[in-house]
Each structure stands twice: as C-alpha cells, then as structure tokens.
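sequence first, then the predicted structure:
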Amino acid sequence: MLKKFRELLVPNNTKNLDFTEKTVTVKQNELILRKSRVTDTLDFMSLQKEVYDYQPWPAQIVQMELRNKKALYLSLEHSKKLVGFIGVSIVNDVEVHITNIAVSPDFQRQGIGHLLINQVMDYFRNLGYKQMSLEVDTTNTDAIRLYEAFSFNVRKLQEKYYVKNNHDAYEMITDL
C-alpha cells in the first residue's frame, strides 16, 4: 500500500490535473463524470465497502489522495449518487498508476469500468504519459479480464501484497 502513496514524497513539478465535467450515456443511463472532491470521501468509502471484501481505505487516506496534486480522481454519478470512481497517480515523467477503481454492483457489467479506464487513458495520453500500471488481486479474474481488454500485461507478481487477506497481486502495465 505504501507504494501507492510514494509519489507524495516527491516534489510536485507536474501539470495541473484539471478535468471538465461531462455528461456520458451508458446503457441508456445518463451519468455525470467529474473530478472528485474531498466532500466525496464518505461516498468513496461507502462504495468501496459495497464492492470489496475488505476494509476500504481509511477516510484520512481517501482525503489525502483527493487532495494530492499528483493524482486525478474521477467520480461518476447517476441521479446525484456515486456509482463509480477511478484514481490515477503520477509515478514519473513516463508512467501513471491506477490506485483505485470501484463500480457499484448495480452498475457493473454495463461498461462503466471500460468508460472510466478509457477516460483516464485518454486523459494521461494527451498529457504525454506513455504507460499506465496497476495492481490487481490474482484471484480477481473479472478485473484481470477487464485490464487485459486494455492490453495490460503482467509486469511482475507481488506475493502477499494484500495485507488483509495475504493474497498475491499482479502488477500490470500497458502502453498509452
């Protein structure tokens, strides 16, 4: 988990990560995609509890990430309710890293994960970044299939990466 936050220790000499709110339609649902705010913290935590089998990031970590000038978090809302989010941190001048992604069970298998990943890939490609990485639990076959659809490949196996359940993680990477 510390790897995800190492960028906070590096001086911030990156571009401003602004994002213009937009309306998107997925499976006849009109959704709002916008830059996440610190006021989204409780919604992030609630959605993580719905999606993951383990304790979500503590509120302080969520708030720290949402304030991080070297990270972009996008929120996806339906009828003013958070139904998904994705976070990406800048690793270096070449690589960005997906730190977290979650989609409400009610909206899964509708293309929301694809939409969120497409948005951040296009965003960071347009800023000149060349690669995107992430970690995924080796037992999460649905997520692995999603990432493989974007040409993510295993860079290495990280044994017992997830402290809560001692699961291994694949570190995956793709070109932008």
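In hand now; what should we look at?

any stretches of the protein with poor pLDDT?
1-15, 54-55 (pLDDT under 70).

state which helix of it is the longest.
helix 112-126 (DSSP state H).

which elements pack onto it?
For helix 112-126, the packing partners by 3 or more CB pairs under 8 Å, 6 or more residues apart in numbering; DSSP states H and E come out as strand 22-26, strand 71-78, strand 81-90, strand 95-103, strand 131-137, helix 141-149. Any C-beta I mention is one placed from the backbone N, CA and C, and that applies to glycine too.

which among the ones you listed is found nearest to F124?
Across the helices and strands packed on helix 112-126, F124 has its closest neighbour in strand 95-103 (4.8 Å, CB to CB).

neighbouring strands - and their directions - for that closest one?
Counting by DSSP bridges, the strands paired with strand 95-103 are strand 81-90 (antiparallel), strand 131-137 (parallel).

any idea how far H78 is from the residue of the chain most remote from its centre?
Ranked by distance from the centre of the chain (CA atoms, centre = their mean), the top residue is Q28, with 23.7 Å. Q28 sits 11 Å away from H78, going by CB to CB, to the nearest Å.

could you do L47 as well?
Applying CB to CB to L47 and H78 gives a distance of 12 Å.

more neighbours, these two?
L47 (22 against 17; other CB atoms under 10 Å).

quick one: contacts of whichever helix or strand that one is part of?
For L47, the host element (DSSP states H and E) is helix 41-51. Helix 41-51 is contacted from outside by 36, 56-57, 59, 62-63, 66, 75, 82-85, 100, 102-105, using CB atoms under 8 Å, 6 or more residues apart in numbering.

perfect, I'm done here.
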